[in-house]
Each structure stands twice: as structure tokens, then as C-alpha cells.
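A.B. asks: What follows is a protein structure lacking sequence information:
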């Protein structure tokens, strides 16, 4: 891969991480304000009812991935006429999806809401939340082909700014409803849908102004339509499995334990999403380059990038996960006025789940670049889908709510191994290369970085001093372990050069 491409990945990653700092701080504080304003029960209702709609939103994420794959592929080939035709065809597909899914969600969701969900005391408000969540989902589908073009073009600055605006808007809404005298849950759902609509409108206007490829044209190609739809169709299995793992378990917890435990799961999932964003940010920066490398015929460069991005994704997420795992009670106490039951345990388990899954995205991107994804999605999606019935079985037998998280961790670990076997078969990634380049460095960093912070956590009394000490030790030990044990000599040299370029250390020393 060229030096220019590496600099682009580094630049885009930095932009996304500047964004995540704001997103994490504002997003977590917003959850605290919303929980306080709505109350534990209404907060649980919003998470549970919103999950019904999200279960039907799998096609949006599926088609988003498909759009980005075909956009990046044509950009890698330099075929911009075909890129415009592909974009117009994707918009047509999405228009069909909006009609089909809106009807399906209304019928199925209303039945589930009225017959299965434990929201009887707030049924009227729950219906408002449900219908407004559908409207938000429609806006999300509309903007997906445009957002996919922004990511495929690697314009991460636009993506970062809009995400920050989104979370800041959420904070403004949270503050507003805290001072509202009417039904706060209904107002919250209305305003969240309005913010979603505004973000969608901006994506559409931006792409139409700056990207000629996003000017719609009447175009029909049955073969191309079937190719995109077939790719998306097999991706659907993976999307369904992801929705069942996250939002399906949310509904399952509501059925067995009610809105109070939903609130604990909702708060834990906020932490999960914040940590998962660290992995996603790097993945979004790398993925277009990975697909472009494959489409340009640079197979060796793509495999090298798969291993590097797998390793770096793990390091980035582990650096955040370690202090969170060790100091969960203090962090939640600092974040929330009142910590609901189960929240501490749920948070630790979802963080472990995020660490396990951090290796999955680069492997999935390699298969998507390859294009033939049917068997891959059937196998991986099949494993992930097992989480819901297995969890249901354990809960039916009387096991506690945290059981669903243990089931998810184990099955997700197996799914990572299945992904690796498919990447080996489809694109020729050597298991020995992956073991040497990814697994051994990751294990070494995990073990060495964990020991000292754990000793501090066990020997210092609970409180602010221990929190600061453990976090500082975790960051320091993770950084040192990654630099000394987790990087190759060439990667260490590249890291030092990158830091020198950004901080101008060499120039400062020369001037002295």
C-alpha cells in the first residue's frame, strides 16, 4: 500500500478520534440527563420499544454496507460513470425498501408491542415512541446511500462533524425535556425524530452539491440490480444476527424481567456503543482502502492491511476497555446520579463482548471486498443467530438476566474463528500469518498491560485516587506494551516518524 494511502488512513483516523472524544463525553452525559428526566421506567420503555423498530432496520445497515462496497470498488477502478449509475440504482432499491419495511414494521411491531411487551402502564406513550421510531428509521434509510458515498470518498471530516452535531442535538433535547411539564417520553421521541430528519437532509444536500455522482438519473440494469440486491441479501443474514444479538436480547430481557432491567441493559449498551465506536472509527477509515486495494489487484497489500487493522483495532478498543473494566463502579457512579441494579455487571460483560468482537470487522471487510459472501454470511450469521434462542432457553429455565451476556460472549468468540477460516479460504490469508501478526502480539499486550493496573486496583482503597491511579497506569502500560510488544520494527519506526511529523520533535531538537 502506498505511503499516500497510509497517510490518508492516519488522517481520517485522527479526524474520527477527535470526533469520538466529543461523542463519548456528550453522549454519556446525555444518557444521564435523559435517565434523570424520564425516570427509570420510561427510559426502559424507550429502549425496549425502540428496539422493536431496530429489529426491522437490518436492511438499512445491510444496504449501507453494500452501497459502500460497490462505490469503493468502482472508485478503485476509476470508473466514475459506473459509480453514478450504481448510486442511482441504490437509491431506487432504497425507495422500494422504505415502502416494504414501513408496512412490515407497523404490522409486526404493533402486535409485539400490544401482546408481548411489558409496557401496560405507558402503552399510549409507547405507541408514540413506536411510530416516531419508524419515522426515524425511514429517515435513516433515505440517507444511507448518501452517507455511504461520503464514507467511500473518505470524507471523514463531514461524517465526523455530522455525528458531533447529532449527539449535541441529543444533549439539547435532553436538557429541554428536563424542563418540560407534559409527557416527556413523547416529546423526547418527537425531537429525536426531528434531529434524525435534519441530519438526513444535510447528507442529501451535501452529496448533491459536491459529488456529481449523486445527481440522480433514470437508470435500470437488471443484472446490476440483481448483483447489488444479491450481495445485500446475503449480508442480510449477518445484519439479522447483529440485530438479534443487540435489540432482540433487549426485548427478551423486557419479556422476562421488565423495564427496570431494560434500563440497566440500556445504560450498559451506551457504554458498549461508546467503546465499539473506537473500533468502528478505525474500521471506517481503513475499509475503503482495503476494498480499493482488492479491486486494483493488490492482494498482498490487502492481506497486510487486514492483519494490521485487526491488530490496531484491538489495541484501540483494549486501551479504553481495560480502565473501564477495572473501575466500572466508580465510572458509573460518576456518570449517573443513581446506578440501577445490574448496571455494573452488565457494563463489564458488554465491554468484554466488545473486546472479543474487535477482531471481526477487518475480517468481514476482506470477505466483502472478495464479493462472494453467501456461505460466509450463512455460517457466521447462523452462529450469531444462536444467541437469541440459547438465551431464551436459559432464561426460561430460570437463569439470571446476565446469562444472555455470557452466551453472547462465547458465541461471538466462535464467530470470529469462523470468519478467519473463511478469509483463509476466500482471499488466501495464511493462519500462520494471522497467528504471528495478530494473535500473538494481541495476547502479549493483553497480559502484560493488565498485570500492574490490576495490582493497583486490588491494593488501593476505592475512591478518586485509586480511579486516577488505575486509569493512568492502564493507559501507560497499554501504550508501552503496544509499542514494545505489539508492533513490528517497521511499525515502530512508522509510528515514531508519524509522531515526529505531527509534533515536529526533530525540528525542535535541531533548533536547540
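C.D. replies: Noted; the coordinates are in hand. Just so you know, these numbers come straight off a predicted model, no measurement behind them.
A.B. asks: domain ranges for this structure?
C.D. replies: Here the domain parsing of the chain from automatic domain parsing is 3-429, 437-512.
A.B. asks: quick one, which of the ones you listed is packed in tightest?
C.D. replies: domain 3-429 (a mean of 19; mean count of other C-beta atoms under 10 Å). To be clear about C-beta, it is placed using only N, CA and C from the backbone, and glycine gets the same treatment.
A.B. asks: what about residue 71, distance to residue 189?
C.D. replies: Residue 71 sits 33 Å away from residue 189, going by C-beta to C-beta, to the nearest Å.
A.B. asks: With mean pLDDT as added columns, please give the domains of the chain in JSON lines.
C.D. replies: Putting the domains of the chain into JSON lines (pLDDT from 0 to 100) gives the following:
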{"stretch": "domain 3-429", "mean pLDDT": "78"}
{"stretch": "domain 437-512", "mean pLDDT": "83"}
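A.B. asks: tell me the contacts of the closest residue to residue 296 other than its chain neighbours?
C.D. replies: Leaving aside its sequence neighbours, residue 296 sits nearest to residue 76 (C-beta to C-beta, 6 or more residues apart in numbering; 5.1 Å). Contacts of residue 76 were listed using C-beta atoms under 8 Å, 6 or more residues apart in numbering, and they are 291-296.
A.B. asks: wait, which of those residues is closest to residue 355?
C.D. replies: residue 291 (25.7 Å; C-beta to C-beta).
A.B. asks: tell me which element residue 341 is part of?
C.D. replies: Under DSSP states H and E, no helix or strand contains residue 341.
A.B. asks: For the helix or strand where residue 177 lies, enumerate the helices and strands it packs against.
C.D. replies: Secondary structure here is read from DSSP H and E; on that basis residue 177 sits in helix 156-178. Under the contact criterion of 3 or more C-beta pairs under 8 Å, 6 or more residues apart in numbering; DSSP states H and E, helix 156-178 touches helix 3-55, helix 123-152, helix 184-210, helix 259-295.
A.B. asks: Tell me what angle that helix forms with helix 184-210.
C.D. replies: 160 degrees (axes from the mean of the first three to the mean of the last three C-alpha atoms, to 10 degrees).
A.B. asks: gap between residue 85 and residue 356?
C.D. replies: Taken as C-beta to C-beta, the span from residue 85 to residue 356 is 40 Å.
A.B. asks: sorry, back to before: mind putting the contacts of residue 76 into a markdown table with distance to residue 333?
C.D. replies: Below are the contacts of residue 76 laid out as a markdown table (distance: C-beta to C-beta, whole Å):
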| residue | distance to residue 333 |
| --- | --- |
| 291 | 43 |
| 292 | 46 |
| 293 | 46 |
| 294 | 47 |
| 295 | 50 |
| 296 | 51 |
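A.B. asks: Closest one to residue 497 out of those, please.
C.D. replies: Closest to residue 497, out of all of the contacts of residue 76 and judged by C-beta to C-beta, is residue 293, at 21.9 Å.
A.B. asks: The closest one reaches residue 303, doesn't it?
C.D. replies: No - between residue 293 and residue 303 no contact is recorded; they are 9.2 Å apart, counting by C-beta atoms under 8 Å.
A.B. asks: If you count contacts, what does the helix or strand where residue 300 lies end up packed against?
C.D. replies: In this structure, residue 300 is located in helix 299-326 according to DSSP H and E. Contacts defined by 3+ C-beta pairs under 8 Å, 6+ apart place helix 299-326 against helix 259-295, helix 343-357, helix 360-370, helix 403-427, helix 431-434, helix 440-459, helix 464-481.
A.B. asks: how far out from the middle of the chain is that helix?
C.D. replies: Its chain's C-alpha centre lies 14 Å from the corresponding centre of helix 299-326 when counted by C-alpha atoms, centre = their mean, to the nearest Å.
A.B. asks: Which other helices and strands does the helix or strand just after it contact?
C.D. replies: Towards the C-terminus, the helix or strand next in line after helix 299-326, according to DSSP H and E, is helix 328-335. With contacts defined as 3+ C-beta pairs under 8 Å, 6+ apart, the packing partners of helix 328-335 are helix 3-55, helix 343-357, helix 464-481.
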